[in-house]
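A.B. asks: I need the structure of the sequence given here:
(one chain, ligands or ions: 1)
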Amino acid sequence: MNIKVRSGDTLWYYANLFNIPLNLIIDSNPQVSPTSLMIGQTIKIPGYQTSSYKIQSGDTFWKIASERRVSIDTLALLNPDLNPRQLQIGQQVLIPVQVTYRVVNGNRPYDFQVLMNDINELNEIYPFVRRETIGRSVMGKELVELQIGRGPKVVHWNGSFHANEWITSAVIMQFLNDYLLALTNRENIRGLEINPFYNQVTISIVPMVDPDGVDLVINGPPEGEFGEQALRINQGNTDFSDWKANIRGVDLNNQYPAKWEVDAARKPTEPAPRDFPGYQPLTEPETVAMAELAGARNFEKMLAFHTQGEVIYWGYEGLEPPRSMTIVNEFGRVSGYEPIRYVDSFSGYKDWFIQDFRNPGFTVELGRGVNPLPLSQYDEIYQETIGIFLASLYM
Ligand SMILES: [Zn+2]
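C.D. replies: As a prediction, this is how the structure comes out:
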């Protein structure tokens, strides 16, 4: 929601008027110098939308404000051209509405377009969410990173490294929405105060690492060469539910230089719906973007969300730091998922992350069943994952 600065206004005044934490208002307006506002300047107020109301006979600002439980001054701010003493029937009045509802609904086929719509809508309501383009998929789709918070501790979550595990993107985005709601409404999640995290932690999120693959699984092959190539790789089968790879048949979670050769020797040697690690490590734009991101951000911990199995992999060749065990035990406690230290599998993002950065890295396998997991499991999976998200912030 946008307002225009009047003489004497301050961001601190807006924070009190709208009951929104000051730091969220400051971060929603990075181009504004908080101590020297200019009259007429536009300020974004996070956590608010507006509704429109038509003046009826007998209305006053006072009456409208008390009926809507907003202060009269918010009406004055939003309607600077209206004269409260000369309201006319039929005039439009903008009313501030504090957002207390989700705009993300993860419980549906969550393809790239749904993701982008949700990101745009969240950005509109919560302008303090920072958005970066970290790369482009093979087909040119934007690989988006979202950042929330100002803390020195950077916690990273990613989803849909594997195409038919797209439910992970939905779960991440819905939790992000709940986190933003808690920040702007000063609410708790599972009894945990959320606002302190804003200054302690920076959350880095790449919700969909393989957007081309996700769209392939959900919507079928695209028109043109990429679609034809994917059909050939899938041996003419138009059902892509078993597809884990990117659009050209490279398994993005087998692409990292952490014993890549060992894995490659026993995996498919040409493009396939799953498990083909590429002809070399890091040949795909999606894997390169994720490697560069880890190099640039100094993640304090990294969680890669996959499906399925209700387990959490947390070790790699003994290179994981001791605190990984403490953290994964907490993840297990809050979710009921089983921590597993080592598995006979290499060249994943988690493996490489632990090897190169020696910080805690986790592959979290949500839910149980056959991928893609049915949406009938969505609510249960979401409930199990909330605790893991939170624990990644406080541990
Ligand atoms: Zn996976």
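A.B. asks: Could you check which helix or strand contains residue 134?
C.D. replies: In the assignment (DSSP states H and E), residue 134 maps to strand 130-136.
A.B. asks: Scan the chain for its longest helix.
C.D. replies: helix 167-185 (DSSP state H).
A.B. asks: Against which helices or strands is the very next helix or strand once past that one packed?
C.D. replies: Where DSSP H and E defines the elements, the next helix or strand beyond helix 167-185 is strand 188-189. Secondary-structure packing of strand 188-189 (3 or more CB pairs under 8 Å, 6 or more residues apart in numbering; DSSP states H and E): helix 167-185. The way it works is simple: take the backbone N, C-alpha and C, and place the C-beta from them, glycine included.
A.B. asks: and the helix it packs on with the ion, contact?
C.D. replies: No - applying CB under 5 Å from the ion, one finds helix 167-185 separated from the ion by no less than 8.3 Å.
A.B. asks: pretty sure residue 145 contacts residue 119?
C.D. replies: No - applying CB atoms under 8 Å, one finds residue 145 not in contact with residue 119, separated by 10.6 Å.
A.B. asks: Give me the common contacts of these two.
C.D. replies: Residues touching both residue 145 and residue 119 (CB atoms under 8 Å, 6 or more residues apart in numbering) are residue 131.
A.B. asks: and the protein, which residues reach the ion?
C.D. replies: Residues of the chain found near the ion (CB under 5 Å from the ion) are 162, 165, 306.
A.B. asks: Quick check: the spatially most central residue of the chain vs the ion, distance?
C.D. replies: With distances taken as CA atoms, centre = their mean, the residue of the chain nearest its centroid is residue 173 (4.4 Å). Distance of residue 173 to the ion, computed by CB to the ion, to the nearest Å: 18 Å.
A.B. asks: now the stretch 101-250 of the chain, which segments are flagged as low pLDDT?
C.D. replies: Judged against pLDDT under 70, the stretch 101-250 of the chain has no low-scoring part.
A.B. asks: Tell me which stretches of it form strands.
C.D. replies: Secondary structure of the stretch 101-250 of the chain (DSSP state E, counting those that start in this stretch): strands at 130-136, 142-148, 153-159, 188-189, 192-193, 201-206.
A.B. asks: Now render these as a markdown table, adding mean neighbour count.
C.D. replies: Converted to a markdown table, these look like this (neighbours: other CB atoms under 10 Å):
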| stretch | mean neighbour count |
| --- | --- |
| strand 130-136 | 15 |
| strand 142-148 | 20 |
| strand 153-159 | 23 |
| strand 188-189 | 14 |
| strand 192-193 | 12 |
| strand 201-206 | 23 |
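A.B. asks: need those in JSON lines with distance to residue 254, can you?
C.D. replies: Shown next, in JSON lines, are those (distance: least, CB to CB, whole Å):
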{"stretch": "strand 130-136", "distance to residue 254": "19"}
{"stretch": "strand 142-148", "distance to residue 254": "18"}
{"stretch": "strand 153-159", "distance to residue 254": "16"}
{"stretch": "strand 188-189", "distance to residue 254": "35"}
{"stretch": "strand 192-193", "distance to residue 254": "36"}
{"stretch": "strand 201-206", "distance to residue 254": "18"}
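A.B. asks: coming back round to it: in its sheet, what does the strand holding residue 134 sit against?
C.D. replies: Its sheet considered, strand 130-136 pairs with strand 142-148 (antiparallel) by DSSP bridges.
A.B. asks: The strand it pairs with vs strand 201-206, what angle?
C.D. replies: 170 degrees (axes from the mean of the first three to the mean of the last three CA atoms, to 10 degrees).
A.B. asks: circling back to that earlier point, with adjacent residues omitted, what lies nearest to the residue nearest to the centre of the chain?
C.D. replies: residue 104 (4.9 Å; CB to CB, 6 or more residues apart in numbering).
A.B. asks: Run a quick neighbour tally on that neighbour.
C.D. replies: Other residues lying near residue 104 total 22 when counted by other CB atoms under 10 Å.
A.B. asks: Show the contacting residues for it.
C.D. replies: Applying CB under 8 Å, 6+ apart, we find residue 104 in contact with 118, 121-122, 173-174, 176-177.
A.B. asks: Ok, residue 125 next?
C.D. replies: So residue 125 contacts 46-49, 99, 103, 180 (CB under 8 Å, 6+ apart).
A.B. asks: quick one: the closest residue to residue 139 other than its chain neighbours from residue 221, how far?
C.D. replies: Counting by CB to CB, 6+ apart, residue 139 lies nearest to residue 212, which is 4.7 Å off, once chain neighbours are set aside. Noted for residue 212: a distance of 11 Å to residue 221, by CB to CB, to the nearest Å.
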